[in-house]
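A.B. asks: Sequence first, then the predicted structure, then my questions.
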Amino acid sequence: MRKLIVAAVAILAGVAGANAQSYPTRAITLIVPFAAGGPADITGRVVADQFSRLLGQQVVVENVVGAGGTTGITRAARANPDGYTLALGHMGTHAAALALYPNLAYNPVSDFEPIGLVAEQPMLLVTRKDLPPNNLKEFVAYAKANEAKLNMAHAGVGSVSHTGCLLLNDAIGIKTTMVPFTGTAPALNALIAGQVDYVCDPILGPLPHVRAGTIKAQAVATAKRHPALPDVPTSAEGGLPQFAAAPFYAVFAPKGTPQPVLDRLVAALNTALDDEAARKRLVDLGAEIAEKDRRGPAALTALVKSEIARLTPILEAANRK
Ligand code: MLT
């Protein structure tokens, strides 16, 4: 009996190994946990196009929205770990959410196989174009005087737009009305329509609208001015260095995905990040692509852990569960 079991296990292992070697043999789903047209979706579609080309199978983006991105990431965590379901996670879903959701259905570290960092995306504070302030100092004074009537739009509790504006509000010392959307693309539509007053969004989303003059950029939440918007001052120049964020966007697979499959995905992402067209698409929109020394599973694991360690005390102190 024991010999039979050993033989069966060996055969099954062989089949799994063979399957992993021939991976992929059918379409792959990349879960993007926010609405189409936002920074996560744009980043996810660049990765999906590159993976389709490099892996020889269609990679289909599925926007699974809700609960600040945690609905889609929960689905990815529970998916069959066979390489046919992947997820685009970020600073919100894989770090901030842990402090903000007492019953988060997944562990950002132990429930995933990290594939690699794609890019970091400096955050912009943008306002509707007819809001009186024209820079961060004026925004701070205006927000203090009009706290009760200001509406901040975001992509759900724990999203990076929510976390970014929590940092901003806490630095100013205000609590404003928070209006959740399924992603920052619909949040920006509401901003353009003048239905909400301000949004904190990674640069990929608001840049075209700022350039078109349909919304105003008040500050970039990084230490240096951004080359895509050199006239927009930094948060430190505006007197709020605590408002600092350049959220990461990265690819994850469910825990237990076979190593040969992970190896193919890691190699494909590495090649994708050197592709000229992919780089241009992301860089033109303001993203900072992961350079060689920051790519791959080990660097992403370290990044997720360090972001959890950085954000948890800040968000717990703000008591925003
Ligand atoms: C989006 O793609 O809609 C944003 O990245 C979501 C967010 O604010 O986290």
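C.D. replies: Done, it's in. Residues are numbered from 1 along each chain as shown.
A.B. asks: what sits against whatever residue of the stretch 201-321 of the chain ends up closest to the ligand?
C.D. replies: Residue nearest to the ligand within the stretch 201-321 of the chain: residue 202 (5.7 Å; Cβ to the nearest ligand atom). C-betas here are computed from N, CA, C, even on glycine. Residues near residue 202 by Cβ atoms under 8 Å, 6 or more residues apart in numbering: 39, 121, 122, 123, 124, 160, 161, 184, 246, 247, 249.
A.B. asks: Where does residue 242 sit: helix, strand or coil?
C.D. replies: Classification of residue 242 by DSSP: H, G, I helix; E, B strand; the rest coil places it in coil.
A.B. asks: I figured it hits residue 167, correct?
C.D. replies: Yes: in terms of Cβ atoms under 8 Å, residue 242 counts as a neighbour of residue 167; the distance is 6.4 Å.
A.B. asks: list the buried ones in stretch 271-279?
C.D. replies: Neighbour-count burial for stretch 271-279, counted by 16 or more other Cβ atoms under 10 Å, picks out 272, 273, 278, 279.
A.B. asks: in a strand, that's where residue 119 is, yeah?
C.D. replies: Yes: applying three-state DSSP, one finds residue 119 inside a strand.
A.B. asks: Quick test: name the residue nearest the centre of this protein.
C.D. replies: Central residue check for the chain by Cα atoms, centre = their mean: the C-alpha nearest the mean position is that of residue 90, 3.1 Å away.
A.B. asks: residues in contact with it?
C.D. replies: 40, 69, 160, 247, 248, 249, 250.
A.B. asks: Let me have those in a markdown table, adding pLDDT and secondary structure as columns.
C.D. replies: Converted to a markdown table, these look like this (pLDDT from 0 to 100; DSSP: H, G, I helix; E, B strand; the rest coil):
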| residue | pLDDT | secondary structure |
| --- | --- | --- |
| 40 | 98 | helix |
| 69 | 98 | helix |
| 160 | 97 | helix |
| 247 | 97 | coil |
| 248 | 98 | strand |
| 249 | 98 | strand |
| 250 | 98 | strand |
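A.B. asks: neighbour-wise, which of these leads?
C.D. replies: residue 40 (35 neighbours; other Cβ atoms under 10 Å).
A.B. asks: How much space separates it from residue 247?
C.D. replies: 10 Å (Cβ to Cβ, to the nearest Å).
A.B. asks: Ok, residue 148 next?
C.D. replies: Distance from residue 148 to residue 247, by Cβ to Cβ: 29 Å.
A.B. asks: near the ligand, which residues of the stretch 1-150 of the chain show up?
C.D. replies: With Cβ under 6 Å from any ligand atom as the criterion, the stretch 1-150 of the chain meets the ligand at residues 34, 35, 38, 39, 40, 41, 69, 92.
A.B. asks: Test my guess that the first one contacts residue 63.
C.D. replies: Yes: in this structure, residue 34 is within contact of residue 63 by Cβ under 8 Å, at 6.9 Å.
A.B. asks: list residues touching both of those two?
C.D. replies: With Cβ under 8 Å, 6+ apart, residue 34 and residue 63 have common neighbours 41, 72, 183.
A.B. asks: could these be laid out in CSV, adding neighbour count?
C.D. replies: What follows is these, written out as CSV (neighbours: other Cβ atoms under 10 Å):
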residue, neighbour count
41, 23
72, 23
183, 27
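A.B. asks: Which of those sits closest to the ligand?
C.D. replies: Nearest member of these to the ligand, counting by Cβ to the nearest ligand atom, is residue 183, at 3.1 Å.
A.B. asks: isn't the closest one right next to residue 155, touching?
C.D. replies: Yes: at 5.0 Å, residue 183 counts as touching residue 155 under the criterion of Cβ under 8 Å.
A.B. asks: Quickly list what's touching both of these two.
C.D. replies: 34, 35, 38.
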